[in-house]
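K.L.:
give me a 3D structure for the following:
(chains A and B)
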Number of protein chains: 2
Amino acid sequence: MRLSRYFLPVLKETPAEAQIVSHRYMLRAGMIKQAQAGIYSWLPLGYKVLKRIEQIVHEEQQRAGHIAMLMPTLQSADLWRESGRYEDYGQEMLRIKDRHDRDMLYGPTNEELITDIFRSYVKSYKELPLTLYHVQWKFRDEVRPRFGVMRGREFLMKDGYNFDLTKEDALHAYNRHLVSYLRTYERMGLQAIPMRADGGPIGGDYTHEFLVLAETGESEVFYDSEITDLSFGDRQIDYDSVEQCHAVLEEFTSRYARTDETHEEALFAQVPEERRRTARGIEVGQIFYFGTKYSEAMGAVVQDQSGAQVPVHMGSHGIGVSRLLGAIIEASHDDKGIIWPEGVTPFHCGIVNLKQGDAEADAACEALYASLEALGLEPLYDDRNERAGGKFATMDLIGLPWRITVGPRGLKNGVVEVTSRRTGESEEMPPEQAVAKIAKIYGKAL
Amino acid sequence: MRLSRYFLPVLKETPAEAQIVSHRYMLRAGMIKQAQAGIYSWLPLGYKVLKRIEQIVHEEQQRAGHIAMLMPTLQSADLWRESGRYEDYGQEMLRIKDRHDRDMLYGPTNEELITDIFRSYVKSYKELPLTLYHVQWKFRDEVRPRFGVMRGREFLMKDGYNFDLTKEDALHAYNRHLVSYLRTYERMGLQAIPMRADGGPIGGDYTHEFLVLAETGESEVFYDSEITDLSFGDRQIDYDSVEQCHAVLEEFTSRYARTDETHEEALFAQVPEERRRTARGIEVGQIFYFGTKYSEAMGAVVQDQSGAQVPVHMGSHGIGVSRLLGAIIEASHDDKGIIWPEGVTPFHCGIVNLKQGDAEADAACEALYASLEALGLEPLYDDRNERAGGKFATMDLIGLPWRITVGPRGLKNGVVEVTSRRTGESEEMPPEQAVAKIAKIYGKAL
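P.N.:
Numbers count the residues shown, from 1 in each chain, chains lettered A, B, ... in the order given. Presented below is the predicted three-dimensional model:
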């Protein structure tokens, strides 16, 4: 993309309403614009990151064998009356009447609707196991929406639902989700720690939240420092293997790690003192096993091997897709702006032309741009007639992990400059070598 | 995907509520399930087609230089009061009150919100031209939703908005959209004819609807038969070229082609009698130029070259993404089921194993599956323990354009069978040749 043809409304001043750094930078970098309290338009740059995150979520869900579909945003109140949650849910549920005065609601979650779909079609244990998921906009009418996309009212969530014959099978689905979530967050450059959680209104005896450590997190967290040494890495997991998935659960959840909701001081005291940590965390996902709570209430039964009709064991599993943009920025920024991890960056690298209009500099930038695009990469070329300082400030603010700087002086010596946003370190090299370096970083074959 | 692990709830019986063929087949093929009147869940197969269509729309919009973003589903009533449409819109607008009793609505379209975004950031003619678009769920509270996704209440639409300094520039944007729409529909295997239309509540002197001819279309259409001989083909268009885009507009709109809303019998009579056609059509898109209607009402002004503040010239341009599934099926089916054009098929080909459990047949199917996946194709392998007749019926119903049939008898002679869904013709060939044939059809290098 050429910046002269893009829509990147960068703000010079910090908007007064933004209290935390991710909200400030998302506004300043022209990623979002508030439409109403807790409701945002995703401007082109923000939309690109949102899509990258959504794409990683899809890829990892499908790798785990989960099946994508899409449920509508608006739901019938009747289904929620069946489960008993229509009255229980409180004011966070946005209740709507249509022109025929029928009660509807903007879905805050989808246990009822997916259970209705399941019971309409699935009649036999032979069709199990089954995990369906979707990535769809949700609405929760928060009293005080705040912190930008971190606590919005209209937000994008991936929610998945497993249907299994037995508790044992459903716990494998639970573990499988835990494994896929660890992979998902790591691909986004995040360390998200599974912590024992509270079931809340969805219910559930088994539930873990995934927390990203950040000073601005809304939860206080308590953990054994050994847990931050763990990483999933590029290990190959067979998602059908009960043993392999369970071993990952054991590895990542056997140490003490809890939020203030489930914290037990006596247990925490058993962690060696030098490993006890207290910090703040941002919740970016949660997994639940809740057994037959919805299947019994709503008659989601299948025939088992003996011919008996039994309610299925279920769980639900969510990733806060839009919220993740905020969490990533909270975890990865400096005083100049955002620092995107390579896995989610909106553009793979920036190209800064120090002297727009200089024939040689223009030609070198065009050649770099074409070479990178030919490799399937998306560069952002700042081809505006602006001063170098302004161009650098914009690139730093929007946080592309790599920048190639092109100017007449370097070109005389046959070099351009490649700069890491994270370290600030620059290296001079011939343009072809710069392309090769960027290609290698993103795993593209030359 | 292996069918044994997929969720494809095919129905044997035709649901009574479905009046038209696309609705019947989408229900029977397990593509959608009605959640409420005019509101559907997209089951896995339907979701895949929806995504393929959305992807083509994105690619063609971006090829034309239009910039993707995303506006929220819920909008503030205040913006619609500014334009004067809040009261005008009538009962099709779903009006909502939040917990603080503020007036909101589920967006039926986005002229107001995009104009608000534009006026907040863009101050100078130097930042023009600009076309922003998004693909987002809309809601129109139809009195009598019907025909499945063809006239739903919650529906997916691509809507784009151009902002230009002059009428002349805005008409180039109009023409550019027309060109990009022609390409878009052709990639989906559709012939969509631009017909002069009526502005309706959005307003506009220049507007064309795109209609797909089908017996079940809601509009009566009148056209010169020469128009159906036109095709866009693979011509290369420079979207920045005013002349090239205008020439396409001339070519595709100079002949008589109108819906009942704009039909003029006297003009139609001038078409040579043997070329006069009357038929029915499904509207799948519409483009508008409406000048300064919204920019004046909402103060979307920029500074022009002389320093004066002038309202921008705008247009809006929509493609009915979810409705397109219905339109494609109406245009491409037979009495056995759907026939997907290659551009939008949910899976590139089916693999039918005639004797599941036979070691040789299973191995041959697995090898085909692996070879096709390695080429970046998505096969659907029917690996269930079912009779051949049932497997064929399912493949015909869900409409994959190509099927490879594998059985012990053929394998003895070293061959499998490749069948075209459209023609029904089968050809025997060695498995490697079958893979090469499918690869070639989809433009994949071996």
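
K.L.:
run a quick neighbour tally on residue A:268.
P.N.:
For residue A:268, the number of neighbouring residues by other Cβ atoms under 10 Å in any protein chain shown comes to 17. Placement of C-beta: from N, CA and C, glycine included.

K.L.:
average pLDDT across stretch A:141-151?
P.N.:
Computed over stretch A:141-151, the mean pLDDT rounds to 92.

K.L.:
swap that for stretch A:47-66, sorry
P.N.:
On average, stretch A:47-66 scores 98.

K.L.:
for that stretch, which positions count as buried?
P.N.:
Across stretch A:47-66, burial judged by 16 or more other Cβ atoms under 10 Å in any protein chain shown covers A:47-54, A:56-58, A:60-61, A:64, A:66.

K.L.:
from those residues, which two are the most distant?
P.N.:
Using Cβ to Cβ, those span at most 26.2 Å, a distance reached by A:47 and A:64.

K.L.:
now do the buried residues in stretch A:310-327.
P.N.:
A:311-327.

K.L.:
now, the residues you listed that are in helices?
P.N.:
If you go by DSSP state H, those have A:321, A:322, A:323, A:324, A:325, A:326, A:327 in helices.

K.L.:
secondary structure element for residue A:118?
P.N.:
Assessed by DSSP states H and E, residue A:118 sits inside helix A:111-121.

K.L.:
next, the buried residues of that helix.
P.N.:
So helix A:111-121, judged by 16+ other Cβ under 10 Å, has buried residues A:111, A:112, A:113, A:114, A:115, A:116, A:117, A:118, A:119, A:121.

K.L.:
the helix or strand just after that helix near chain B anywhere?
P.N.:
The C-terminal neighbour of helix A:111-121 among helices and strands, as given by DSSP H and E, is strand A:130-139. Yes: counting by Cβ under 8 Å from any Cβ of the partner chain, chain B has neighbours in strand A:130-139: A:130, A:132, A:134, A:137, A:139.

K.L.:
check contacts around the last one.
P.N.:
By that I understand residue A:139. A:73, A:94, A:106, A:107, A:108, A:153, A:154, A:155, B:74 (Cβ atoms under 8 Å, 6 or more residues apart in numbering or on different chains).

K.L.:
where does residue A:428 fall, secondary structure wise?
P.N.:
Applying DSSP H and E, one finds residue A:428 within strand A:426-429.

K.L.:
list the contacts of that strand.
P.N.:
Contacts of strand A:426-429 (Cβ under 8 Å, 6+ apart): A:405, A:410, A:413, A:415, A:416, A:417, A:418, A:419, A:420, A:437.

K.L.:
how near is the second one to residue B:256?
P.N.:
The one in question is residue A:410. Separation of residue A:410 from residue B:256 (Cβ to Cβ, to the nearest Å) stands at 61 Å.

K.L.:
also the last one?
P.N.:
Going from residue A:437 to residue B:256 by Cβ to Cβ gives 59 Å.

K.L.:
higher neighbour count, the two?
P.N.:
A direct count of neighbours by other Cβ under 10 Å for residue A:437 and residue B:256 places residue B:256 higher, at 22 against 15.

K.L.:
just the pLDDT for the more buried one.
P.N.:
So residue B:256 comes in at 95 (pLDDT).

K.L.:
what sits against it?
P.N.:
B:222, B:223, B:224, B:267, B:268, B:270, B:271.

K.L.:
give me the neighbour count for the residue nearest to it when sequence neighbours are not counted.
P.N.:
Using Cβ to Cβ, 6 or more residues apart in numbering or on different chains and skipping the chain neighbours, the partner closest in space to residue B:256 is residue B:224 (4.6 Å). Neighbours of residue B:224 under the rule other Cβ under 10 Å: 17.

K.L.:
wait, isn't residue B:224 in contact with residue B:269?
P.N.:
No: Residue B:224 is beyond contact range of residue B:269, at 11.8 Å (criterion: Cβ atoms under 8 Å).

K.L.:
spatially nearest residue to the residue of the stretch 101-250 of chain A found nearest chain B, not counting backbone neighbours?
P.N.:
Nearest residue of the stretch 101-250 of chain A to chain B: residue A:121, at 3.7 Å (Cβ to the nearest Cβ). Closest residue in space to residue A:121, ignoring its immediate chain neighbours: residue B:9 at 3.7 Å, by Cβ to Cβ, 6+ apart.

K.L.:
surely residue A:97 meets residue A:103?
P.N.:
Yes: using Cβ under 8 Å, residue A:97 makes contact with residue A:103 at a distance of 6.3 Å.

K.L.:
list the contacts for residue A:254?
P.N.:
With Cβ under 8 Å, 6+ apart, residue A:254 has no contacts at all.

K.L.:
what about the helices in chain A?
P.N.:
A:21-28, A:44-63, A:77-83, A:85-88, A:111-121, A:167-187, A:242-253, A:265-268, A:293-298, A:321-331, A:359-374, A:388-398, A:408-412, A:431-441.

K.L.:
how many neighbours does residue A:264 have?
P.N.:
By other Cβ under 10 Å, neighbour count at residue A:264 equals 12.

K.L.:
wait, what's in contact with the closest residue to it other than its chain neighbours?
P.N.:
Excluding its sequence neighbours, the residue lying closest to residue A:264 (Cβ to Cβ, 6+ apart) is residue A:258, at 7.2 Å. Listed by Cβ under 8 Å, 6+ apart, the contact set of residue A:258 reads A:195, A:196, A:221, A:222, A:223, A:264, A:268.

K.L.:
returning to what we had before: show me what contacts the residue nearest to residue B:256?
P.N.:
B:255, B:256, B:257, B:271, B:275, B:276, B:277.

K.L.:
kindly recompute the last result at 10 Å.
P.N.:
B:254, B:255, B:256, B:257, B:268, B:270, B:271, B:272, B:275, B:276, B:277 (Cβ atoms under 10 Å, 6 or more residues apart in numbering or on different chains).

K.L.:
out of the residues you listed, grab the one that's most surrounded.
P.N.:
residue B:257 (26 neighbours).

K.L.:
these two touch, right, that residue and residue B:196?
P.N.:
Yes: using Cβ atoms under 10 Å, residue B:257 makes contact with residue B:196 at a distance of 7.2 Å.
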